[in-house]
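J.: quick one: sequence plus predicted model below, questions after.
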Amino acid sequence: MPTLDCTTAEYNRLAWQCRRGMRELDELLHAFMVTRCAALDANGRRSFDTLLGYADGVLLELLMGRMTPVDRDIANLVREIRNAAAS
């Protein structure tokens with residue numbers, strides 16, 4: 001998997017992937033993109049890219065707290081996304 005460097009092009013690509021067409025997901029992911037995405041390290045950006053590859057139903061269940069990710073990095077990222085939406 002390529003390293004993500006959060007350049008303007010990379011940020012725009014991730015922001016586009018955050019547009020899911022489901023209000024709940026769009027709001028959660030947008031809040032994270034605006035407030036915390038730029039602060040992610042390379043591992044966090046890779047995890048975010050992986051998370052955005054999940055199907056909408058799985059992503060919604062994870063972000064609503066109805067499912068728990070097995071991968072520790074994804075679990076930490078899900079927690080960060082939920083915290084971003086709460087602030």
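T.: Happy to help now that I have it.
J.: name the SS class of residue 24, please.
T.: Secondary structure, DSSP: H, G, I helix; E, B strand; the rest coil: residue 24 is helix.
J.: report the separation between it and residue 45.
T.: Noted for residue 24: a distance of 23 Å to residue 45, by Cβ to Cβ, to the nearest Å. (Each C-beta comes from the backbone N, C-alpha and C, glycine too.)
J.: also residue 56?
T.: Relative to residue 45, residue 56 is positioned 21 Å away (Cβ to Cβ).
J.: again, but for residue 83
T.: Applying Cβ to Cβ, the value for residue 83 to residue 45 is 17 Å.
J.: looking at those two, which one has more neighbours?
T.: Ranked by neighbour count (other Cβ atoms under 10 Å), residue 83 and residue 45 place residue 45 first, with 20 against 13.
J.: roughly how far apart are that one and residue 64?
T.: Residue 45 sits 23 Å away from residue 64, going by Cβ to Cβ.
J.: so where do the helices sit in the protein?
T.: For the chain, the helices defined by DSSP state H occupy 8-17, 23-35, 42-52, 56-63, 72-86.
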